[in-house]
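> structural data only, the sequence is not supplied:
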């Protein structure tokens, strides 16, 4: 699993990287330029500070770009500004208000990755069921074609039987209708 930490506070970035090391490979970007260089690499999760140096919403811009390129990525937005976090909620549902214990970040990442794994498992199950249903349909179609080819006389008997039932049903309905009309005429 690859995780990118975008944080301009180097000490905080190191703390995040150390705490998240158990998840796999951790890469960091300390500046907006370093973050933009990472746009071409796919990460399973991105922890992103919204305010990078003097760039008011550079983190938001990066998150939008990254989410546009990799829609399945888990993004956790981090900021000390509640208004910016509310803006980040348009991009991700995972936000943390600074200062917050590192444990909250770790728990949130575990939850987010777990939810993503469940979503992908559900998609795999649906794909498997679709494939299985498709195989059943194809097998049934093949069996019907083989039956028709192998025994045309039986197919003709079945068709005659169905037509016969249909004609018998029509005759029965006509007889009932005549009887009802007869009764109505006698009653009036």
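Received, thanks. For clarity, every value in this text was computed on a predicted model and none was experimentally measured.

> spatially nearest residue to residue 17 (excluding sequence neighbours)?
Excluding its sequence neighbours, the residue lying closest to residue 17 (C-beta to C-beta, 6 or more residues apart in numbering) is residue 26, at 4.6 Å. Any C-beta I mention is one placed from the backbone N, CA and C, and that applies to glycine too.

> isn't there a strand covering the one you found?
Yes - using DSSP: H, G, I helix; E, B strand; the rest coil, the secondary structure at residue 26 is a strand.

> mind listing the strands for the protein?
2-6, 25-29, 45-49, 74-79, 94-97 (DSSP state E).

> point out the most buried one among these.
Mean neighbour count (mean count of other C-beta atoms under 10 Å) peaks for strand 45-49 among those, with a mean of 26.

> circling back: next up, the contacts around the residue nearest to residue 17.
The contact partners of residue 26, by C-beta atoms under 8 Å, 6 or more residues apart in numbering, come to 2, 3, 4, 5, 17, 20.

> distance-wise, check residue 13 relative to residue 49.
Residue 13 is 9 Å from residue 49, where distance means C-beta to C-beta, to the nearest Å.

> cool, residue 107 as well?
Applying C-beta to C-beta to residue 107 and residue 49 gives a distance of 19 Å.

> check contacts around residue 52.
6, 8, 31, 32, 35, 58, 59, 62.
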